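Peer 1: have a look at this fold, sequence not included:
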């Protein structure tokens, strides 16, 4: 029998080397997250998956599960802080859900709904970020980037291309592409790349497919993120 | 004359040459980029092309690194790059007006490059010359004691395009200002003495003959270089704690590294953290100037104790001017068989030290970010565990200690742990170097045994009418007069060394605001709470400064603090709100003076307005009420 730890009072079994987030997902328990993706090495930067382990806050995606750990996740104190983090992500970029073609399929939006985010709360930063429409098949709308680095990891670790990277520092951190011109069209990015499919928000978008699926019929319109039945599926589908 | 930017054709072989000097080693990326920056004034697309080809590294990675560090630029800058140190102490000495004077005189806007590419002027985080400010860096060379007259001289030299190397030497004189020396600064240290003592101690204990504690250096060696374990015991007996501020027990760190499994082909690493970036701190600059041998010997003692064969000094970019003299000391030590192969003539006792320069990133003072930077990457703190003692530089067991910790370790090797433990207080053995600056008659370095009170230091440096002392910089604590009998020690006020004094004429709100701007500028941007939270905090402080603050904003600051404390990835985010919370608690009138709006109570109560709807639907549950998270009605 596998060892277990306690997550919000529920015993969760885990395999040696699994993180809290992995073990929870396997057990069908949702812990909000944005920069974590089951196929990639955990990054630990968005901090949405922060949980309390034996009273101390830590990221569930990077913390390995250990026997007898007491983990708190789904409580108002932590959820309020997670909600504040989603609000921070909303005001840091330019997110206009009603006109975004990723609406209903966007993890940031879905997570914000899940956490009961009713307003951006903070003053918007309204950063000035150009859109890169140079590529014939794909569009980059940096306004929505949450710096999760999933595309960076996918391009580097799966596609073996390094099309994307983060540059800058602090609030000026931004996504760059691998071309002297700085344009996606001048990179070796391809529509079939893993990196083309991992963006949890609406930065990396295929052209000429916008609104093919009507709003109201998109994945998160039908089943909220974190609904018990979908959590395990996400892990298995990957 | 001065360095004109090379043409594209000329640049290619020059960049290739720099790469060759670094052995084509991509893990030396930051050092390579620094060299290109000094050569060409910026990291141009051509330079990135060459680097990418020579190192077989994608340009995204190169631009990612170059974009992280303040002293590297992916855009052309002026041939004269002037950066004014923007610590609060510089401001108190009039740096803002001096920078404006230079900008006016050279007809250039702050943060911009003049039309003809002659000069760019901007601010930078504290350059560590707080005791002799206001300070600036011109093309990475440090200058202190700025006056209006000096500024006018600089403007003239720039206008007539005199190369910085040809500027008068007296512009660049940096003083040590040692005001009180104790065991470290007063040590009359003979290079090699500590290593000899360690060796003799091992012999005396008969340990030199024992095989059980052989590791690395001693593995399979004849008796002679005995007792790494004995050395470790001395460090533990000395009760030495890390001088970077956190106070982790040095002996435990070294032991963990020594005991870490070492896969074939790996080696243990000793890193000296000389990335002294905490605003107000400059003691490592003086220690490296005055007692470089003591520091290097301490590193060698550490290498001996943990079985390391490779060492680094990570020197902050602002202190690049210290490098030549440090290299001279290293060369002499190699010649004297105190570094390199067969140290003290003992076969197999190999250890050498290399100096790496930072490039303007405070966060690299955090040990795992420092290691990333040493590896030539963006200085982002790592996820831990694993810790550096097992998985550090290039995944090898690594200890990272402060400059002062290594200096102390050398003295412990020389005089023994008991001698050291008897100095200072029960939980804080030894002495502490304090970087005293701000409002006092005699700023400079004060070395005291632990346990010295704030008041004693204030009396010694000639500070009067003191309103507050910021101990350990922005991430430390702000001490008010009723606390001046508290002492510098891990059990009371721990410190990395900054001791910044503010007299009654100073506005503590502006002090806190300066610190908040510092954290915002230095946040690495990796984690959401710190990246966005420090900007939100900066905006709130600026809002208060504009006179638009209200008690609501206090509550917001407190909430942000809570969030940064609990969610941030590293200490930078954890402490970013400290200066504000401390000053709100202790110097509230400075904030009250800014609050034109005493109350933030909107006249319209939305929840109340919904009462009719609740009545009509027969609902009165929680979801039927608008309870705003801001703590007031929406």
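Peer 2: Thanks, I have the structure now. Only a predicted model underlies this, so the values are computations on that prediction, with no experimental measurement involved. Numbering: from 1, shown residues only, chains lettered A, B, ... in the order given.
Peer 1: rest of the way, CA atoms for contacts and neighbours
Peer 2: Fine.
Peer 1: quick one, what contacts the closest residue in space to residue A:78 that isn't next to it in sequence?
Peer 2: Ranked by C-alpha to C-alpha, 6 or more residues apart in numbering or on different chains and with sequence neighbours excluded, the top spatial neighbour of residue A:78 is residue A:51, at 7.1 Å. Residues near residue A:51 by C-alpha atoms under 8 Å, 6 or more residues apart in numbering or on different chains: A:57-60, A:71-73, A:78.
Peer 1: same check, this time on residue A:215
Peer 2: By C-alpha under 8 Å, 6+ apart, the neighbours of residue A:215 are A:103-104, A:221.
Peer 1: among those, which are in strands?
Peer 2: Assignment to strands by DSSP state E places none of the contacts of residue A:215 there.
Peer 1: of the residues you listed, which are in range of chain B?
Peer 2: Among the contacts of residue A:215, no residue is within reach of chain B (C-alpha under 8 Å from any C-alpha of the partner chain).
Peer 1: okay, the residues you listed in JSON lines with pLDDT, distance to residue A:124 and neighbour count next?
Peer 2: JSON lines is the format used below for the contacts of residue A:215 (pLDDT from 0 to 100; distance: C-alpha to C-alpha, whole Å; neighbours: other C-alpha atoms under 10 Å in any protein chain shown):
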{"residue": "A:103", "pLDDT": "95", "distance to residue A:124": "19", "neighbour count": "24"}
{"residue": "A:104", "pLDDT": "94", "distance to residue A:124": "22", "neighbour count": "24"}
{"residue": "A:221", "pLDDT": "91", "distance to residue A:124": "26", "neighbour count": "14"}
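Peer 1: ok, of the contacts of residue A:51, which one's closest to chain B?
Peer 2: Using C-alpha to the nearest C-alpha, residue A:57 comes nearest to chain B of the contacts of residue A:51, at 5.9 Å.
Peer 1: I'd assumed residue B:567 was in contact with that closest one.
Peer 2: Yes. Counting by C-alpha atoms under 8 Å, residue B:567 is a contact partner of residue A:57 at 6.9 Å.
Peer 1: of these two, which one has the most company?
Peer 2: Taking neighbours as other C-alpha atoms under 10 Å in any protein chain shown, residue A:57 and residue B:567 compare with residue B:567 leading, 28 against 19.
Peer 1: gap between the more buried one and residue B:527?
Peer 2: Distance, residue B:567 to residue B:527, using C-alpha to C-alpha, to the nearest Å: 9 Å.
Peer 1: between these two, what contacts are shared?
Peer 2: What both residue B:567 and residue B:527 touch, as defined by C-alpha under 8 Å, 6+ apart, is the set residue A:47.
Peer 1: quick one: residues in contact with the longest helix anywhere in chain A.
Peer 2: For chain A, the longest helix by residue count, based on DSSP state H, is helix A:76-92. Outside helix A:76-92, the residues within contact range by C-alpha under 8 Å, 6+ apart are A:47-51, A:73, A:108, A:111-112, A:115-117, A:119-127, A:146, B:528-529, B:532-533, B:563.
Peer 1: just stretch B:51-69 next, same as before
Peer 2: Counting by C-alpha under 8 Å, 6+ apart, A:162-169, A:176-180, B:15-16, B:19, B:24-26, B:29-30, B:33, B:43, B:48-49, B:72-74, B:359-361, B:376-379, B:524 sit against stretch B:51-69.
Peer 1: for it, which positions count as buried?
Peer 2: For stretch B:51-69, the neighbour count (16 or more other C-alpha atoms under 10 Å in any protein chain shown) marks B:51-52, B:54-55, B:57-69 as buried.
Peer 1: identify those among those that sit within helices.
Peer 2: Among these, the ones falling in helices (DSSP H) are B:51-52, B:54-55, B:59-66.
Peer 1: and the residues you listed, which is closest to chain A?
Peer 2: residue B:64 (3.9 Å).
Peer 1: what's the domain layout of chain A?
Peer 2: Chain A is divided into the following domains under automatic domain parsing: A:4-82+A:226-237, A:92-222.
Peer 1: what's the least confident stretch among those domains?
Peer 2: Among those, domain A:4-82+A:226-237 carries the lowest mean pLDDT, at a mean of 91.
Peer 1: off-centre distance for it?
Peer 2: Distance, stretch centre to chain centre, for domain A:4-82+A:226-237: 14 Å (C-alpha atoms, centre = their mean, to the nearest Å).
Peer 1: next one: stretch A:198-217
Peer 2: Distance of stretch A:198-217 from the chain centroid (C-alpha atoms, centre = their mean) equals 15 Å.
Peer 1: stretch B:232-243 now?
Peer 2: 23 Å.
Peer 1: also stretch B:425-437?
Peer 2: For stretch B:425-437, the distance to the chain centre is 18 Å (C-alpha atoms, centre = their mean).
Peer 1: contacts for that stretch, please.
Peer 2: Residues outside stretch B:425-437 that contact it (C-alpha under 8 Å, 6+ apart) are B:89, B:130-131, B:182-184, B:238-241, B:243, B:280-283, B:408, B:420-424, B:443-451, B:461, B:489-491, B:497-501.
Peer 1: cutoff 7 Å now
Peer 2: With C-alpha atoms under 7 Å, 6 or more residues apart in numbering or on different chains as the test, stretch B:425-437 has contacts from B:130-131, B:238-240, B:280-283, B:420-424, B:443-451, B:489-491, B:497-501.
Peer 1: just for the stretch 251-400 of chain B, where's the confidence low?
Peer 2: For the stretch 251-400 of chain B, no stretch has pLDDT under 70.
Peer 1: from it, which residue is nearest to chain A?
Peer 2: Nearest residue of the stretch 251-400 of chain B to chain A: residue B:383, at 7.1 Å (C-alpha to the nearest C-alpha).
Peer 1: going by neighbour count, which of the contacts of residue A:51 comes out on top?
Peer 2: Greatest neighbour count in the contacts of residue A:51, by other C-alpha under 10 Å, goes to residue A:60: 29 neighbours.
Peer 1: my read: that residue touches residue A:22, true?
Peer 2: No. Applying C-alpha atoms under 7 Å as the test, residue A:60 and residue A:22 come out as separate, 8.4 Å apart.
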